[in-house]
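Colleague: Provide a 3D model corresponding to the input given below.
(chains A and B)
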Amino acid sequence: AQSVTQLGSHVSVSEGALVLLRCNYSSSVPPYLFWYVQYPNQGLQLLLKYTTGATLVKGINGFEAEFKKSETSFHLTKPSAHMSDAAEYFCAVSTTNTGTASKLTFGTGTRLQVTL
Amino acid sequence: DAGVTQSPTHLIKTRGQQVTLRCSPKSGHDTVSWYQQALGQGPQFIFQYYEEEERQRGNFPDRFSGHQFPNYSSELNVNALLLGDSALYLCASSWDRVNTEAFFGQGTRLTVV
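Modeller: Next up is the predicted model:
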């Protein structure tokens, strides 16, 4: 079974500061990893995903994440926070051991607050 | 492309009642998954439909059931509603390929009173 742990339910940064949201996963098979963002009263929007290949993944809105197998981590970063980045962020994992569009297992989320 | 659309957006039901939520997938997608997101939590996988059959199921009781139609749209039914069923219900669509991106609708907010 796979699982995701997001460290820090709330993160607050100043506008222009580095954003770092932490995600650790557990999976018995090679994982596919995702970061989604959720704005208030909205569904989930994909920021980026890791499947295979390059371990540094670039996504939308200036976000990127690095897959570190040795640390079972997939932390999300952005060099400079913007007020519009304030939202809930979810890390998710799915497994590659099925030939189908797999289900996603989500973490509990991290609420990012951006202050002036 | 309208993306994934869900209806209704909000719903209030009484304990013991039954509810049906609807989802139209993104154009070209053939797989629909349903998730429950309780307040302050991450989404939890309920089940997935492909070719009009339930293909995968999460840890949810039989009160939760679904259906997929030939046009790939889907319904989620919940019987004998409990207060604990209050949540945001999200529909996600994708292609039937390994770990392709899932596109989410904006959800249906169900309140059970």
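
Colleague: if we ignore the residues flanking it in sequence, what's nearest residue B:78?
Modeller: By the measure of CB to CB, 6 or more residues apart in numbering or on different chains, the closest residue to residue B:78 outside its immediate chain neighbours is residue B:19, 5.1 Å from it. C-betas here are computed from N, CA, C, even on glycine.

Colleague: my error: substitute residue A:103 in the last question.
Modeller: Counting by CB to CB, 6+ apart, the nearest residue to residue A:103 once its immediate chain neighbours are dropped is residue B:45, at 4.4 Å.

Colleague: next one, pLDDT for that neighbour please.
Modeller: The predicted structure scores residue B:45 at 94 on the pLDDT scale.

Colleague: am I right that it sits in a helix?
Modeller: No - counting by DSSP: H, G, I helix; E, B strand; the rest coil, residue B:45 is located in no helix; its state is strand.

Colleague: touching, it and residue A:94? I think so.
Modeller: No - counting by CB atoms under 8 Å, residue B:45 does not reach residue A:94; the two are 9.8 Å apart.

Colleague: give me the common contacts of the two.
Modeller: A shared contact of residue B:45 and residue A:94, defined by CB atoms under 8 Å, 6 or more residues apart in numbering or on different chains, is any residue touching both; here these are A:103-105.

Colleague: and which of those residues is nearest to residue A:8?
Modeller: If you rank the shared contacts of residue B:45 and residue A:94 by distance to residue A:8 using CB to CB, residue A:105 comes first, at 18.8 Å.

Colleague: the closest one and residue A:91 touch, don't they?
Modeller: No - at 9.6 Å, residue A:105 does not count as touching residue A:91 under the criterion of CB under 8 Å.

Colleague: in which helix or strand would I find the residue nearest the centre of chain B?
Modeller: The C-alpha lying nearest the average C-alpha coordinate of chain B belongs to residue B:34 (CA atoms, centre = their mean; 3.2 Å). When secondary structure is defined using DSSP states H and E, the element that contains residue B:34 is strand B:31-37.

Colleague: just the residues contacting that strand, thanks.
Modeller: Outside of strand B:31-37, the residues that reach it under the criterion CB under 8 Å, 6+ apart are A:100-101, A:103-104, B:23, B:25, B:43-50, B:55-56, B:60, B:66, B:68, B:72-74, B:76, B:87-96, B:102, B:107.

Colleague: ok, now which ones touch the residue of chain B found nearest chain A?
Modeller: Closest to chain A within chain B is residue B:42: 3.5 Å, counting by CB to the nearest CB. The neighbourhood of residue B:42, defined by CB under 8 Å, 6+ apart, consists of A:4, A:90, A:92, A:106-109.

Colleague: and what about it, helix, strand or coil?
Modeller: Put simply, residue B:42 is coil when judged by three-state DSSP.

Colleague: and the residue of chain A closest to chain B?
Modeller: Here chain A gets closest to chain B at one residue, residue A:106, 3.5 Å apart by CB to the nearest CB.

Colleague: correct me, but that residue touches residue A:92?
Modeller: Yes - Residue A:106 sits in contact with residue A:92 when judged by CB under 8 Å, with a separation of 4.7 Å.

Colleague: what bridges to the most centrally placed residue in chain A?
Modeller: To find the centre residue of chain A, average its C-alpha atoms and take the closest one (CA atoms, centre = their mean): that gives residue A:35, at 3.1 Å. Each beta-bridge partner of residue A:35 is listed here, defined by DSSP bridges: residue A:48, residue A:91.

Colleague: with that, I have no additional questions.
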